[in-house]
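J.: From the sequence below, what's the structure:
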Amino acid sequence: MAITADDVSLEDIIPISLDFTVVEVYSPEELAIVGADTRVRVSYQEEELELSLPFGSHSRLFLSEVNRAWSNVCKSPSQVPKFEWINKYRKSTRGQGVAKQALSPLGTTLTKLNLHHKTEKSSDKKGTVEREKGSNRDTQTPRAYSNIESQGIASREDPNDMVRSFSHTTSNKAQILTMPQFGLRDNLIRCELLKKEDLYTYREDFSFFLGTYNVNGQAPKESLRPWLSCTLDPPDMYCVGFQELDLSKEAFFFNDTPKEMEWTKAVSEALHPDAKYALVKLVRLVGIMLLFYVKKEHAEFISDVEAETVGTGIMGRMGNKGAVAIRFCFHNSDICVVNSHLAAHIEEYERRNQDYKDICSRLQFRQLDPTQPPRTIMKHDVVLWIGDLNYRISDLDVDSVKELIDKKHFEKLHSHDQLKRQIDEEAVFVGFVEGEIDFQPTYKYDTGSDKWDTSEKCRVPAWCDRILWRGKNIRQQHYQSHMDLKTSDHKPVSSLLVTAIKRVNDDAYKKTFEEIVRNIDKMENECIPSVTLTKREFHFKDVKFMQHQAETLSLFNDGQVPCQFEFIQKPNEPTYCKPWLTANPPKGFIAQGGSVDIELEVFVNRSTAPELNSGKQQIEDILVLHLERGKDYFVSVTGNYMPSCYGTSIYSLCQLREPIQDMPQQTLCELVEMSGKGNTENIEKPLDIPKELWMMVDHLFRNAIKQEDIFQQPGLRSEFSEIRDCLDTGMLDSLPGSNHSVAEALLLFLDALPEPVVPYAFYQQCLECCSNASQCEKVISMLPQCHQNVFNYLAAFLRELLKNSVSNRLDVNILATIFASLLLKSPVKQDLAEKRKTQEFFQHFLTQGSS
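T.: Here you go, the predicted structure:
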């Protein structure tokens, strides 16, 4: 059984003792970036390690745990363990930076990472903070001052001052109330504070400059000031998004590009000259980048900064399309900024809709309290969405579009805009607002000019680059394109939004808080919480591979007191539910007389499909719903799973001449057992390759050999469902859906194999001989026959694709990168060097002349 976090404590792993310190390391010449990774030097006796910790909640929680453990050691020093595992790190690693004063022990580190902890300024405004009375420390910890102060961000206090039990202040109330140690009482306080927020907040206007620019892989060649400094007064904040920052294969496959620094420098130099700005956060996914700047004087009011990314490219993972996002709290308002690049091509509006929905469902921010469910995009007061959304103009030819543009009939042209139509149909961006478009389309131009596309394709002009928002008390000051910039085949777009941000009135907050506490004190603690469940039994019919199903469980608090619920794990089980099941939210708080809806979601993926296919597991589970200080409720979840070729082994599929859903469950189970034992006696001669694999490859060979961007552009999820059903039931002689959907279905098939085409046992040999073509071929000749057949069949098909590379725009590097990661999987997580070796191995079989 694997070791889990429950088996060890932090003190068992990290040598925390009186000889242990952690200090932040920095170079004086470095620009302070709020939200950047933090370098720390960990010292233990004579040893030192220098680490880079990623900005975000994981690092905050880790460092706070280290600080807790160190504090415990100080209180009661005991026999220090030897930590023999650290011996292999005996070589001291000394950085060239300047170490700050060693505090107890994480003060300096936390000053930078814990942006969410604000200091309570004294009346003389000198930044001093009165220490909490009754501290159990014998000596007062020295205060740490971060170099962030040079950017105008107030320094943070040492850990003793950052976490004050029940000493709620205006500046730390929201964070304190979400700390993990708070229970039912404090959740109730938080709930009541949110309900009565209008009593202690007022609104103040702040300006947000939003900009989006698809730079077509170009380096900055001109000043960005005409775009970023186009407003008369300096904005309070900048949110600047880029797409196609780098189109090179290195950026696509390894997410590494020098363009990030080049464009960041160009933006920093082009911000409004009448104000000073701090870079709060930068986030990038391949070519999609988002920069967030704030005026120096506002920086101290920014907290809870988090960044996340979601790829929606091929197989829903590749980062050539997708989104990056930054969320933060400004004063008392939660704000989320999203920069997205959706699917291309005029006919792919449904794919763009799907990308949008994927981003909304998959992009989630971790909360400070790890027991709380992640925060989604829509769970913010304000959502700002920018990017190359790629929606085009439909039902008009290129000449008609250009004629309307020349006449500046933008309103009539906008009626043919795909995004407008999809919003009107409530297919996407429900609840969002976009300002009136009174500028000409921003795509597509000849690079370096204002001329429309004169290439052979002669693209129809379109408003690909858009800015939308969601929230109350927002008004737009301008929405425009910037024709002066000619670096790309797109034109940049900007919008200035004035947003009424919630600020806290200190006196009103204190009065409201005290009133809430008094009312809670009046509650009778003897009251036992209880809830009513709408259903206790749920059945999911015909569950299929990668097909989401959900049902709603409603809880009503019929007791006399508020209650806190949580699904808890059963004895000897690691989680509260089976891996194919989730409850959203898994825990929560219900006010007296209130209710909550919980989505019970079933989703079978590559991890859970194999055992469900074989019948070793069933769609059966019992959920235990626990009320704090109350009783437990039991919820039954059942269903029937439809076996699929997805998640079934190559060996088993080669034994099946009939569709998998026509086979008895017992037969499938026996095939899995025989596969494990290698027993092939008394078995009919197997197929050379799985018929399902042949159907997909044959379809692509006949229909997609010259398809542009095959294996690089995703298909539609609805079409994948049809393809999967066709393969599993054998109902159709030919596969439905587009070529791109069939190509993605093939990749998903390979990804879901329980044992990859090159079995795990041969993986290390492949790495060792990757530079020798004859040795690589020898390894493949040693594979089990059905695996060897599949490998050679796929390699032969891919070589045929490469013969048509002029049409399909494929090359050896692209195919090697995509397929090597599916055919040669590591039994553990791969590092970058191993990935490159697997690609080198597979490239030998893609070159002309390979057999």
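
J.: Relative to the biggest strand by length in the chain, what are the paired strands and their orientations?
T.: As assigned by DSSP state E, the longest strand anywhere in the chain is strand 201-214. Strand pairing for strand 201-214, using DSSP bridges, gives strand 237-243 (parallel), strand 493-504 (antiparallel).

J.: Downstream of it, the next helix or strand is which one?
T.: helix 225-228 (DSSP states H and E).

J.: mind checking which helix or strand residue 597 is in?
T.: Going by DSSP H and E, residue 597 is in strand 595-602.

J.: so after that strand, what's the next helix or strand?
T.: As assigned by DSSP H and E, the chain's next helix or strand after strand 595-602 is helix 609-614.

J.: Can you give the contact residues for that following helix?
T.: In this structure, residues lying in contact with helix 609-614 by Cβ atoms under 8 Å, 6 or more residues apart in numbering are 545, 580, 604, 617-619, 641, 643-644, 646-649, 660, 668-669, 671-672, 752, 754. Just so you know, the C-beta spots here come from the backbone N, C-alpha and C atoms, and that holds for glycine as well.

J.: so how far is that helix off the chain centroid?
T.: Distance of helix 609-614 from its chain centroid, counting by Cα atoms, centre = their mean, to the nearest Å, is 28 Å.

J.: helix or strand right after that helix?
T.: Scanning forward in sequence from helix 609-614 by DSSP H and E, the next helix or strand is strand 620-627.

J.: can you pull the buried residues of that following strand?
T.: 621, 623-625, 627 (16 or more other Cβ atoms under 10 Å).

J.: correct me, but residue 356 touches residue 429?
T.: Yes. Using Cβ atoms under 8 Å, residue 356 is in contact with residue 429, at 7.1 Å.

J.: Name the residue in those two with the higher neighbour count.
T.: A direct count of neighbours by other Cβ atoms under 10 Å for residue 356 and residue 429 places residue 356 higher, at 23 against 20.

J.: Make sure I have this right: that one is in a helix.
T.: Yes. Under DSSP: H, G, I helix; E, B strand; the rest coil, residue 356 falls within a helix.

J.: What ranges does the stretch 201-350 of the chain have for its helices?
T.: 225-228, 249-254, 259-270, 349-362 (DSSP state H, counting those that start in this stretch).

J.: nope, the stretch 551-700 of the chain is what I was after
T.: Under DSSP H, counting those that start in this stretch, the stretch 551-700 of the chain gives helices at 609-614, 650-655, 665-677, 691-703.

J.: how close does residue 659 get to residue 413?
T.: Separation of residue 659 from residue 413 (Cβ to Cβ, to the nearest Å): 50 Å.

J.: Neighbour count for these two, which is higher?
T.: Neighbours per residue, other Cβ under 10 Å: of residue 659 and residue 413, the larger number sits with residue 413, 23 against 17.

J.: you'd agree that one is up against residue 403?
T.: No. Using Cβ under 8 Å, residue 413 makes no contact with residue 403, being 9.6 Å away.

J.: OK, contacts around the nearest residue to residue 379 once chain neighbours are set aside?
T.: Excluding the flanking residues, the one nearest residue 379 by Cβ to Cβ, 6 or more residues apart in numbering is residue 334, at 7.7 Å. Shown in contact with residue 334 (Cβ under 8 Å, 6+ apart): 304, 327-328, 379-382.

J.: Could you give the bridge partners of residue 210?
T.: Residue 210 has the following beta-bridge partners by DSSP bridges: residue 239, residue 495.

J.: For the strand holding residue 597, what is the distance to the chain centroid?
T.: With Cα atoms, centre = their mean as the basis, strand 595-602 stands 22 Å off its chain's centre.

J.: What pairs with it, parallel or antiparallel?
T.: Checking strand 595-602 against DSSP bridges gives partners strand 549-557 (antiparallel), strand 581-584 (antiparallel).

J.: Need those in a markdown table (columns: distance to residue 461).
T.: Listed next are these as a markdown table, based on distance: least, Cβ to Cβ, whole Å:
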| stretch | distance to residue 461 |
| --- | --- |
| strand 549-557 | 41 |
| strand 581-584 | 42 |
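
J.: Can you report how many residues lie near residue 309?
T.: Around residue 309 there are 20 other residues, counting by other Cβ under 10 Å.

J.: Please report how far it lies from residue 297.
T.: In terms of Cβ to Cβ, residue 309 sits 30 Å off from residue 297.

J.: all strands of the stretch 401-550 of the chain, in order?
T.: 465-470, 474-481, 493-504, 531-533, 537-543, 549-557 (DSSP state E, counting those that start in this stretch).

J.: So for residue 593, which of these sits nearest?
T.: With Cβ to Cβ as the criterion, residue 593 lies closest to strand 549-557 of those, at 6.3 Å.

J.: Could you check the angle that closest one makes with strand 620-627?
T.: With axes from the mean of the first three to the mean of the last three Cα atoms, to 10 degrees applied, the angle from strand 549-557 to strand 620-627 works out at 30 degrees.

J.: Give the full set of residues in contact with residue 310.
T.: 285, 322-323, 358-359, 362-363.

J.: now it: how far from residue 218?
T.: With Cβ to Cβ as the criterion, residue 310 and residue 218 are 25 Å apart.

J.: same thing with residue 320?
T.: Residue 320 is 17 Å from residue 218, by Cβ to Cβ.

J.: Same drill for the two, tell me which one is more crowded.
T.: residue 320 (24 against 19).

J.: And for the spatially closest residue to residue 343 that is not a sequence neighbour, the neighbour number?
T.: Of all residues not flanking residue 343 in the chain, residue 351 sits nearest, at 4.0 Å (Cβ to Cβ, 6+ apart). In terms of burial, residue 351 registers 25 neighbours under the definition other Cβ under 10 Å.

J.: Please identify which of the helices of the stretch 551-700 of the chain is closest to residue 447.
T.: helix 691-703 (33.4 Å).

J.: CA atoms only for the helix or strand just after the closest one, dumped as PDB, please.
T.: Using DSSP H and E, the helix or strand that directly follows helix 691-703 along the chain is helix 717-729. Taking Å, rounded to 0.1, in the frame of the first residue of the first chain, the C-alpha atoms of helix 717-729 are listed here in PDB:
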ATOM      1  CA  ARG A 717     -17.200  15.600 -27.800                       C
ATOM      2  CA  SER A 718     -20.700  14.800 -29.200                       C
ATOM      3  CA  GLU A 719     -19.000  13.200 -32.200                       C
ATOM      4  CA  PHE A 720     -16.600  11.200 -30.000                       C
ATOM      5  CA  SER A 721     -19.700   9.700 -28.200                       C
ATOM      6  CA  GLU A 722     -21.100   8.600 -31.600                       C
ATOM      7  CA  ILE A 723     -17.700   7.100 -32.600                       C
ATOM      8  CA  ARG A 724     -17.300   5.200 -29.300                       C
ATOM      9  CA  ASP A 725     -20.900   3.800 -29.500                       C
ATOM     10  CA  CYS A 726     -20.200   2.700 -33.100                       C
ATOM     11  CA  LEU A 727     -17.000   0.900 -32.100                       C
ATOM     12  CA  ASP A 728     -18.600  -0.700 -29.000                       C
ATOM     13  CA  THR A 729     -21.800  -1.900 -30.700                       C
END
